[in-house]
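Trainee: Sharing a model that was predicted from the sequence below.
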Amino acid sequence: MSDNTLGVRPSAGSQALRASVELLSSMRFAIALLTVICIASVIGTVLKQHEPAVNYVNQFGPFWADVFAALKLNAVYSAWWFLLILAFLVTSTSLCIARNTPKILADLGTYKENIREKSLGAFHHKAQADLGGDSASEARRIGEMLVGGGWKVKLQQRDTPAGPGSGWMVAAKAGAANKIGYIAAHSAIVLVCVGGLLDGDLIVRAQMWFNGKVPYTGGGLISEVAPQHRLSPRNPTFRGNLLVSEGTQAGTAILSQSDGILLQDLPFTVELKKFIVEHYSTGMPKLFASEVVIHDKATGEATPARIEVNHPASYKGVEIYQSSFDDGGSSVSLRALPMAAGMQPFDVQGVIGGNAQPVKGAGGEALTLEFTSLRTINVENFAGEGAGSGTDVRKVDLRQSIDARLGAANKTVTTKELRNVGPSIGYKLRDAAGQAREFHNYMLPVSLGDGGPQVFLLGVRENPADPFRYLRVPADDQGRIDGFMQLRAALADPAVRQMAVRRYVAQSVDPSRRELTEQLTESAARALTLFAGTVGADGKPHGGLPALSDFMEANVPEAERSRAGEVLVRILNGTLFELAQLTRERAGLPPLESSTQTQSFMTQSVLALSDAQIYPAPLVFALTDFKQVQASVFQVARAPGKNIVYLGCALLILGVFAMLYIRERRIWVWLVPQGDHTHATMALSTNRKTMDGDQEFAQITEKLIGVRPAGAHA
């Protein structure tokens, strides 16, 4: 705001105090603070804020996670040092405004008409000419012409050697709003920072520092949380989330903190009557809205409202925004299907987000089942990716290529085949040590390709940051998973495997050829046993197709492996087919017919049985039924600084516009009589040297005194 970076220099007080005030009010200090704030804002943008501590440990490691927590980089905008910097910036900029505003306002009211004649010769823009009229009439003429051009003019009469009052100084100015722009821009910084402090966590932090409020880290019912974790309904500023399930009411918002949560009691409760959600063909939400009733806690008054995205409701100074939606406690029914031998199927009922349930794993292992999510719509892209990545020059269509790259930005050459594959269930299985795996299973079978088998997708991942890996289990002729599970149980039973081997051998070899029968029986039994798998010395199962491959590498010469492998796989497929027929007989179902569908089922079964060896859980929970309950997530905010920030933004726009597009200019014309004519000396001062300023001075000079300055072009 000034020509130097120095601050206010008090005349009284100690040397240290005077130096501190000067530094605090200086421009260099304010610029340094702005730089630090910009760096902190970049960190707050790049690094996810208010994440659970375990997420930072998983992503950056324990050392850097501790560093982030110590420096509050996981909550930059509510960190004490960030708020302190903002407070210093407000103070510094306010002192800068207070120091320079009186000077600017005083300068706005002066025309600087007392400038000396010799000083005009030092200006960059200057010109001289002789005028025909007397000095008084020329002064009035020049003044009127400047006023007509939008300038503010002041005439001053001076004594000269030609006589008392014979000289005239014409002083004019324009673009004074440029200086107002400086005041507006700097005031905008103060207002935005003050509004940010009011609407940020400063008030909440103050209550934690001085009023004994502490974050809550436990669980349980909201109504049972102690008062030291709650904020008063009269809290002047807050911003939190409110989760309301359909048919219920809620009146306590949750304010997330880096080390827990605070509960904000509201002066009203929100009752969710109906939640409305519409989807695009891609499965993305197109509209979600909430039909609510707001109940005043003091008067009991009920006010109906509809809240949509970008259309909030307001009640008693609190804005209620539609933020997102979630599961509101849907009830689900699951069927537990054993993946390990010696277990029986059983049914489980639960509520999404409700209490965990204990279940028994293989060997009586204690597990805990946690219901995490229910998704009723899952839209996936099933478009084929093509046979290869190369380009066939015979199929290049220039017009199609150009159209794909021009026009709307949403054009794409990628073909999409979007399909809703139905509901899915998400759950966690936690062992006795507290380690949990996350599972995501689809309720209905999915066809992954043209003519391909229908498969159930059973997803699993070890860490939340990892993608799900899916086991593809084929659906039987009834469209159920039971056929595969029965086949897997039979594969784990040595007696049933032996029966399947005998049936396969009896159909493949003439019983009279005893030696060949014994050889085929031994090969089939070995292949089926290797495929069924055993538990190795490391405690991990070893079976499936990898076990057959290892056996071939260890026992068959390399030159004969290809032919021997084909024979072994053919024997394995034959025995597994007989094993499947046995399971159907025991279940009272007709035998499988020889068809393309049966072949696809068996091929996918072989792959799924092989992959199931490494499935990390003894149970698969399949979704059999559900009753969905929607919940709406609202953001509730009391933001008194919002209007202050809006005012600051408006001032910032006006200030930047004034500083960039308005040039402050001053003109002086000194008129003194010389014989029968008047000599004019003219000068122009501007705060920025531009080509426009040169042209303007040339035009004004020619208009006022009838000459063009040296170097000016017509």
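Mentor: Nice, thanks for sending it over.

Trainee: Please enumerate the helices of the stretch 451-600 of the chain.
Mentor: 482-491, 494-508, 514-532, 544-555, 561-586, 596-611 (DSSP state H, counting those that start in this stretch).

Trainee: and what of the stretch 151-300 of the chain?
Mentor: Remark: helices assigned in the stretch 151-300 of the chain by DSSP H, counting those that start in this stretch are 177-199, 202-210.

Trainee: So which elements touch the longest one?
Mentor: In this structure, helix 177-199 makes packing contacts with helix 80-108, helix 642-661, judged by 3 or more C-beta pairs under 8 Å, 6 or more residues apart in numbering; DSSP states H and E. Heads up, the C-betas are built off the backbone N, CA and C, glycines and all.

Trainee: which stretch in those helices has the least confidence?
Mentor: Among those, helix 80-108 carries the lowest mean pLDDT, a mean of 87.

Trainee: Report the inter-axis angle for that one versus helix 202-210.
Mentor: In terms of direction (axes from the mean of the first three to the mean of the last three C-alpha atoms, to 10 degrees), helix 80-108 departs from helix 202-210 by 130 degrees.

Trainee: Would you mind measuring the gap between the ends of stretch 248-264?
Mentor: Length of stretch 248-264, first residue to last, C-alpha to C-alpha, to the nearest Å: 18 Å.

Trainee: What mean pLDDT does it get?
Mentor: The pLDDT scores in stretch 248-264 average 88.

Trainee: can you give me how far that stretch is from the chain middle?
Mentor: Relative to its parent chain, stretch 248-264 has a centroid offset of 21 Å by C-alpha atoms, centre = their mean, to the nearest Å.

Trainee: can you pull the buried residues of that stretch?
Mentor: For stretch 248-264, the neighbour count (16 or more other C-beta atoms under 10 Å) marks 250-258, 261-264 as buried.

Trainee: List the buried residues in stretch 233-246.
Mentor: Across stretch 233-246, burial judged by 16+ other C-beta under 10 Å covers Pro233, Asn235, Thr237, Phe238, Arg239, Gly240, Asn241, Leu242, Leu243, Val244, Ser245, Glu246.

Trainee: Repeat that for stretch 15-24.
Mentor: Val21, Glu22, Leu24.

Trainee: just checking, what packs against the longest strand along the chain?
Mentor: Scanning the chain for the strand with the most residues, using DSSP state E, yields strand 260-279. Secondary-structure packing of strand 260-279 (3+ C-beta pairs under 8 Å, 6+ apart): strand 230-231, strand 238-245, strand 249-257, strand 285-296, strand 318-327, strand 630-638.

Trainee: Now it: buried residues?
Mentor: Neighbour-count burial for strand 260-279 [16+ other C-beta under 10 Å]: 261-272, 275.

Trainee: As TSV, the helices and strands packed on strand 260-279 with distance to Leu457 would be great.
Mentor: Putting the helices and strands packed on strand 260-279 into TSV (distance: least, C-beta to C-beta, whole Å) gives the following:
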stretch	distance to Leu457
strand 230-231	44
strand 238-245	29
strand 249-257	33
strand 285-296	23
strand 318-327	20
strand 630-638	24
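
Trainee: And the helices in the stretch 301-450 of the chain?
Mentor: Under the criterion DSSP H, counting those that start in this stretch, the stretch 301-450 of the chain contains helices at 398-405.

Trainee: any weak-confidence spans in it?
Mentor: For the stretch 301-450 of the chain, the stretches with pLDDT under 70 are 381-417, 449-450.

Trainee: switch to 50 and redo it
Mentor: Filtered on pLDDT under 50, the stretch 301-450 of the chain yields the residue ranges 385-396, 398, 402, 405, 408-409.

Trainee: Quick one: the strands in it, in order.
Mentor: 302-308, 313-315, 318-327, 331-338, 346-351, 357-360, 366-375, 379-381, 418-420, 424-430, 436-442, 446-447 (DSSP state E, counting those that start in this stretch).

Trainee: Of all those, which one is nearest Met691?
Mentor: strand 318-327 (49.8 Å; C-beta to C-beta).

Trainee: If you count contacts, what does that closest one end up packed against?
Mentor: Using 3+ C-beta pairs under 8 Å, 6+ apart, the elements in contact with strand 318-327 are strand 238-245, strand 260-279, strand 285-296, strand 302-308, strand 313-315, strand 630-638.

Trainee: Can you give the distance from it to the centre of its chain?
Mentor: Chain-centre distance of strand 318-327: 16 Å, with C-alpha atoms, centre = their mean.

Trainee: For it, buried residues please.
Mentor: Val318, Glu319, Ile320, Tyr321, Gln322, Ser323, Phe325, Asp326, Asp327.

Trainee: ditto for stretch 294-310
Mentor: Buried residues in stretch 294-310 (16+ other C-beta under 10 Å): Ile294, His295, Ala305, Ile307.

Trainee: Can you tell me which of these is nearest Ala587?
Mentor: Using C-beta to C-beta, Ile307 comes nearest to Ala587 of the buried residues of stretch 294-310, at 52.7 Å.

Trainee: Verify the stated contact: the closest one with Phe634.
Mentor: Yes. Judged on C-beta atoms under 8 Å, Ile307 makes contact with Phe634 at a distance of 6.9 Å.

Trainee: which residues are in contact with both of the two?
Mentor: Taking C-beta atoms under 8 Å, 6 or more residues apart in numbering as the contact rule, Ile307 and Phe634 both touch Ser290, Ile320, Tyr321, Gln322.

Trainee: ok, now how distant is the last one from Ile276?
Mentor: The one in question is Gln322. Going from Gln322 to Ile276 by C-beta to C-beta, to the nearest Å gives 10 Å.
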